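J.: Return atomic coordinates for the entry below.
(one chain, ligands or ions: 1)
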Amino acid sequence: MTDRLYYTDSRLTTFDARVTSRSNDNLRVTLDRTAFYPTSGGQPHDTGVLGGTRVIDVVEEDDAVVHVLAEPAPLDGAVTGEVDWPRRFDHMEQHTGQHLLSGLLHDRANAPTTSVHFGPESSTVDIAAGGISDRKLEAIEDRANEIISERRPVLVSFEEAATIEGLRKPSARTGTLRIITIQDIDRSACGGTHVSDTGEIGALAVRRVEKLKQGLRIEFLCGHRVLQRARRDARIIAAAGTLLSAAPADVVAGIAALKDGIRSSASTIKHLQADLARAHAREAYAAAAPAADGSRLICAPAGLHREALAALGQAVSELQGARFVGTLADPPTLFIAAAPDSGWNAGGIIKDLIAQFGGRGGGSPRQAQASMPDRDALANAVGSLA
Ligand SMILES: [Zn+2]
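T.: Numbers count the residues shown, from 1 in each chain. Prediction:
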């Protein structure tokens, strides 16, 4: 059993301890006492240095805290440990902010927290609630920041489970519980590391709400992360503004206008494509010799893409007695189009060709297409039409 120094002093970063065991590969070490926090309760582990070797992971194994080293080190006897403070303090800010947010959500939105997660980018609380209005959530966010500015004490106490009172969430544990109290706001049983007063949370910003299968997930930031993210967001918006030649406040309107422009251009391109296809169709029609029955077979030039083939087929099918065959090499695809007086039924022909050469597809009497199993099947199908 490791004596967990962070239970009573979350600001302790340098400590002396004795090695109590180590793995055969000299990568995993346990101590009689440690200030290193192991991953638990949603809070990520600390990093730092132990006996001169980097600690890259800290895990709980039964009652012991196991320090995972970056490289093998035969640590023995007395060692000094040093916890990486910026990482630890970041976790303290996020974790205490979570208690504050969960407490307010519980009291003001009747939304108990069902789970929490502290990630490298942002943290989340999942709450049991069908929905929450933006206004309500903003009021909770405002209240959280008021409490932060009030610098209320955050106290650690050890209390007996049997007689404990006022917990936000009843604990299933028995015996002595470690209780974190934010004065007049929240009392929770928790083994994590926290700041000493709410002022140290710095700031709390709700980022977004996501609907879960059951409940809601609220993403939030605390402390220096609020500033970092605000800075990053401002840069992103400024960069978007530069691309749009718009002020940051006009970025959304600028993007909306851009999307409208793209939609209108796409519509123009579609019309031009149809005009071009009609011109090509007339040219090819004039060059094709009429058969004895008056029909004319027009084969698409190679190398057209799918949309151009479809547009050309459509245009050809509007000309008297015209029959159209086009192919796409990859994936092997056959297009057939036919004028009503051409004697061809495009859909019927495609159906027959699929029965004969494989593939799948279909269409109307005027236009149809099929994807063929391979290029040979496509060539044979086209050959059978000549
Ligand atoms: Zn906690």
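
J.: what about the residue in the stretch 1-150 of the chain positioned nearest to the ion, helix or strand, and which?
T.: The minimum distance from the stretch 1-150 of the chain to the ion, using Cβ to the ion, falls at His95 (5.0 Å). Using the backbone N, CA and C atoms, a C-beta is placed for each residue, glycine as well. In this structure, His95 is located in helix 85-109 according to DSSP states H and E.

J.: Leaving out sequence neighbours, find the closest residue to Asn13.
T.: For the record, residue 13 is Thr, not Asn. Nearest non-adjacent residue to Thr13, counting by Cβ to Cβ, 6 or more residues apart in numbering: Val83, 4.5 Å away.

J.: related to what we said a few turns ago, quick one: residues contacting the residue of the stretch 1-150 of the chain closest to the ion.
T.: With contacts defined as Cβ atoms under 8 Å, 6 or more residues apart in numbering, the neighbours of His95 are 43, 118, 192-194.

J.: swap in Pro120?
T.: Contacts of Pro120 by Cβ under 8 Å, 6+ apart are Pro44.

J.: Secondary structure element holding it?
T.: Per DSSP H and E, there is no helix or strand for Pro120.

J.: Now do the residue nearest to Thr13 against Ala256, distance only.
T.: Here Val83 is placed at a distance of 49 Å from Ala256 (Cβ to Cβ, to the nearest Å).

J.: quick one: which of these two has more around it?
T.: Neighbours per residue, other Cβ atoms under 10 Å: of Val83 and Ala256, the larger number sits with Val83, 27 against 10.

J.: Is there a neighbour count for His194? I'd like the number.
T.: For His194, using other Cβ under 10 Å, the count is 26.

J.: Over to Lys270?
T.: Neighbours of Lys270 using other Cβ under 10 Å come to 12.

J.: Kindly report the same for Arg187.
T.: Burial of Arg187 is recorded as 22 neighbouring residues (other Cβ under 10 Å).

J.: So it, which state does it fall into?
T.: For Arg187, the secondary-structure state derived from DSSP: H, G, I helix; E, B strand; the rest coil is strand.

J.: OK, contacts around it?
T.: 166-168, 179-181.

J.: Closest one to Arg225 out of these, please.
T.: The closest of those to Arg225 turns out to be Ile180 (Cβ to Cβ; 20.4 Å).

J.: Would you check how far apart the closest residue to the ion within the stretch 51-200 of the chain and Phe220 are?
T.: Going by Cβ to the ion, the ion is nearest to Cys190 of the stretch 51-200 of the chain, at 3.2 Å. Distance, Cys190 to Phe220, using Cβ to Cβ: 17 Å.

J.: So which residues of this structure form helices?
T.: Along the chain, the segments classed as helices by DSSP state H run 85-109, 134-149, 224-244, 251-287, 306-316, 346-357, 375-383.

J.: outside of the shortest one, which residues touch it?
T.: If you take Cβ under 8 Å, 6+ apart as the criterion, helix 375-383 is touched by 325, 327, 329, 332-334, 353, 356-359, 370, 372.

J.: near the ion, which residues of the protein?
T.: 95, 190, 192 (Cβ under 5 Å from the ion).

J.: OK, contacts around the second one?
T.: Applying Cβ under 8 Å, 6+ apart, one finds that Cys190 lies in contact with 41, 99, 178-180.

J.: In PyMOL, select just the buried ones from the residues you listed.
T.: Buried residues among the contacts of Cys190 (16 or more other Cβ atoms under 10 Å), as a PyMOL selection:
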select buried, resi 99+178+179+180
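
J.: a markdown table for the contacts of Cys190, including distance to Leu69?
T.: Shown next, in a markdown table, are the contacts of Cys190 (distance: Cβ to Cβ, whole Å):
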| residue | distance to Leu69 |
| --- | --- |
| Gly41 | 24 |
| His99 | 32 |
| Arg178 | 28 |
| Ile179 | 33 |
| Ile180 | 30 |
